[in-house]
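[1] Using only what follows, build the 3D model:
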Amino acid sequence: MFGRTELWLYLLTSRIVGGKLIEKLNAGAQQVGIPLERFQERLGQATKAKAQGKLVWLHARDTGSALLLFGLIEQLNEQDLNLNFLVTTRKQEKVDVLLDQLPENTIHQYLPIDLSKPIRGFLQHWQPDVAVISDGDFWPRFLTMIASQKVPLIAINTRMTTKIYHRWRWLPGLTKSVLNKFDLILAQDQQVAKKLKWFGVQSGKIRVTGVMSEMKDLLHYDEALYVNLSAAFGTRSVWLSAITHRAEEDMIVNAHKLAMRRNRRLLLILHTREKNRGVRIAARHENQNLTFALQQNGDMPDDATDVYVTDQQENLATYLRLASVSFCGGSLSTGQTIDPFHPASMGSAMIHGAAFGDYAQDYERYHGAGASRLVSNGGELAETLNRVIAPDEAALMANAAWEISSEGGEVSGIVIAEILEKLAQGVPTDAAA
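    Next up is the predicted model:
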């Protein structure tokens, strides 16, 4: 009862403010250079013809999320089922990047605003055979109208930030009504699944799969270098500061020295972002009772080495595999940091600051899964390092990181299987009436 009332109030309110919403979106489109013709897509007026055959519609809120869906499209194209694909985004920025990489048989359009006339026009033109909604970009009227036309609905990469969760808690009936329109919701983790159940989503519609991510290439790994350095390190505990920025160099060395008070045989691989930094770093710390080995001078570390400084970017994967714990350089300075996929795929537990740059969502996932530790300064880094360098703790974190780094392909397979199943079941002939 409350769900119907809340939905009715939403539909009424959005209709009343619809004109002002259109004006605001039009102004925003002009500001980012969207042609007037393409803005008509937000009003439900298609700017491309629909091809013959079954259509799979995939929606993402922005360009970055949409690019992750292209792998799905390419894999489905390999099935030779003569499928066509429609990709929609809501945010209007950086669409040129998307258009330059559109897969075969794929059209991009902007998502119509959540008003009856635009949605009706969109559905009448495209008549999708299955709809896949990514990243929890859920709109009440749109989902209600899609479900009323019997279009199978699948949610993937379903996230729920604290902000969205608290916002939806104000309208629990509406949320329950809308979310139960889906045939299947693939949740990011157990926490998201728990929230969905709290809102009253039927348990049978929820599956915890992790999120589908871009299939990334592994970094180059040098087996011979690994064998040589591993022999030189022996049984010592090794940690890595990967792609260390100049502003972080002294902090990393000082944190290492603090950590050595509890673990005298601890060894640091200081991997610098810039070339030929080793001599300068060693000179700044020459009176601190530390022994340096410098790759730029051709040194090899030995049992007396405390810090091994290297700038060889091409060997980063090898250093990551050698270190049971890695600090992600740049995360305590500029934010130009390493993709956390790389430490995770090499079996290294992670410590990082809060400056994530382009990888904010990725770091949040690893941190939320217990695969990384967040620090704010060098003192916290030393303290955290001493805790996680313990073999059992490092192994638990590395295992959690590995599960996240390897889940993207598995999720893709699940999504493809679900899409193919829905297509095989077919849509009733009156679905688009």
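
[2] Contacts only, for the closest residue to Ala51 other than its chain neighbours.
    Leaving aside its sequence neighbours, Ala51 sits nearest to Asn84 (Cβ to Cβ, 6 or more residues apart in numbering; 4.7 Å). Bear in mind the C-beta positions are built from the backbone N, C-alpha and C, glycine included. Going by Cβ atoms under 8 Å, 6 or more residues apart in numbering, Asn84 touches Lys50, Ala51, Gly53, Lys54, Leu55, Val56, Asn105, Thr106, Ile107.

[3] And for Lys422?
    Lys422 makes contact with Asp129, Val130, Pro152, Ile154, Asp183, according to Cβ under 8 Å, 6+ apart.

[4] just the residues you listed now: which is nearest Ser65?
    Checking the contacts of Lys422 against Ser65 with Cβ to Cβ, the nearest one is Ile154 at 15.2 Å.

[5] For Arg141, see how far away the closest one is.
    Here Ile154 is placed at a distance of 19 Å from Arg141 (Cβ to Cβ, to the nearest Å).

[6] most neighbours, which of the contacts of Asn84?
    The most crowded member of the contacts of Asn84 is Val56, carrying 24 neighbours; neighbours defined as other Cβ atoms under 10 Å.

[7] Surely that residue is in a strand?
    Yes. Using DSSP: H, G, I helix; E, B strand; the rest coil, the assignment for Val56 is a strand.

[8] what bridges to it?
    Counting by DSSP bridges, Val56 is bridged to Phe85, Val130.

[9] So for it, what's the pLDDT?
    At Val56, the pLDDT value in this model is 97.

[10] hang on, isn't it packed against Gln75?
    No. Counting by Cβ atoms under 8 Å, Val56 does not reach Gln75; the two are 11.7 Å apart.

[11] What pLDDT is listed against Gln30?
    pLDDT for Gln30: 58.

[12] What segments of the stretch 251-400 of the chain are helices?
    Under the criterion DSSP state H, counting those that start in this stretch, helices of the stretch 251-400 of the chain are mapped to 278-284, 316-322, 341-345, 360-368, 378-388, 391-405.

[13] how about these in a markdown table, adding distance to Val178?
    Below are the helices of the stretch 251-400 of the chain laid out as a markdown table (distance: least, Cβ to Cβ, whole Å):
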| stretch | distance to Val178 |
| --- | --- |
| helix 278-284 | 56 |
| helix 316-322 | 43 |
| helix 341-345 | 33 |
| helix 360-368 | 24 |
| helix 378-388 | 41 |
| helix 391-405 | 29 |
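
[14] what would those helices look like in JSON lines with distance to Lys257, mean pLDDT and mean neighbour count?
    Formatted as JSON lines, the helices of the stretch 251-400 of the chain follow (distance: least, Cβ to Cβ, whole Å; pLDDT from 0 to 100; neighbours: other Cβ atoms under 10 Å):
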{"stretch": "helix 278-284", "distance to Lys257": "12", "mean pLDDT": "95", "mean neighbour count": "16"}
{"stretch": "helix 316-322", "distance to Lys257": "20", "mean pLDDT": "94", "mean neighbour count": "23"}
{"stretch": "helix 341-345", "distance to Lys257": "23", "mean pLDDT": "90", "mean neighbour count": "24"}
{"stretch": "helix 360-368", "distance to Lys257": "26", "mean pLDDT": "87", "mean neighbour count": "18"}
{"stretch": "helix 378-388", "distance to Lys257": "8", "mean pLDDT": "96", "mean neighbour count": "18"}
{"stretch": "helix 391-405", "distance to Lys257": "20", "mean pLDDT": "88", "mean neighbour count": "17"}
